[in-house]
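>>> could you look at this predicted model? Sequence included:
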Amino acid sequence: MKKWNNRPDEIKYLLNPAFCGLLIYIVMEEYIKKTKSSFPFLLSYLILPLLLPDNVRHRINRTKYFSRWVQLSSSQLISFSRMAKALVPFTNEAIEFLLQSGSINLTQNGSFNVCSKALRKSTNNSELKDFIKKARQIGRWFSETNDVASIYICLGVRP
């Protein structure tokens, strides 16, 4: 990874650890709320590639089943595995930020728990509200599927 000051402005704005961390935190929080269990580490790497590309994020809706949504959005997910791989370093930075800020913690079995009310998520920005809404939907989908391997297979990605 390039040093922070050497990154292009677009990367600094969209892929900064605080923003990416907020999105990851919201998905984790929703998942934990629904399943009453900790968030699987490997699912962390699927969050940003689902939320950051406009063409994918705008397709996220209230479809009940994640597998059905993937089927309906297949044309937008063609390059998903490449995007997921490219975003691994940014996901790692965001997770480090969340851990260092005390917003999440790592369990003994290698999954994550959120610390209650650690992040403030209220905003008047409509675009940020949309990101938050879509992040909650992803958390619900992951909790309903509740099987890491199935989610990875559905998206055509190998851990």
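Yep, it's here. On a predicted model such as this, the values are computed, not experimentally measured, just so you know.
>>> A helix includes Asp130, no?
Yes: under DSSP: H, G, I helix; E, B strand; the rest coil, Asp130 sits within a helix.
>>> which ones are touching the closest residue to it other than its chain neighbours?
Beyond its immediate neighbours in the sequence, the residue positioned closest to Asp130 (C-beta to C-beta, 6 or more residues apart in numbering) is Arg57, lying 7.6 Å away. All C-beta spots, glycine's among them, are computed from the backbone N, C-alpha and C. When contacts are counted by C-beta atoms under 8 Å, 6 or more residues apart in numbering, Arg57 is found next to Leu50, Leu51, Asp130, Phe131, Lys134.
>>> and these, which two are furthest apart?
Comparing every pair within those by C-beta to C-beta identifies Leu50 and Asp130 as the most remote, at 13.4 Å.
>>> between those two, point out the one with more neighbours.
For Leu50 and Asp130, the more surrounded residue by other C-beta atoms under 10 Å is Leu50, and the numbers stand at 28 against 14.
>>> and whatever helix or strand the more buried one lives in, what does it pack onto?
Element membership of Leu50, judged by DSSP states H and E, is helix 44-51. Applying 3 or more C-beta pairs under 8 Å, 6 or more residues apart in numbering; DSSP states H and E, one finds that helix 44-51 makes contact with helix 17-35, helix 54-57, helix 80-86, helix 88-101, helix 126-145, helix 148-155.
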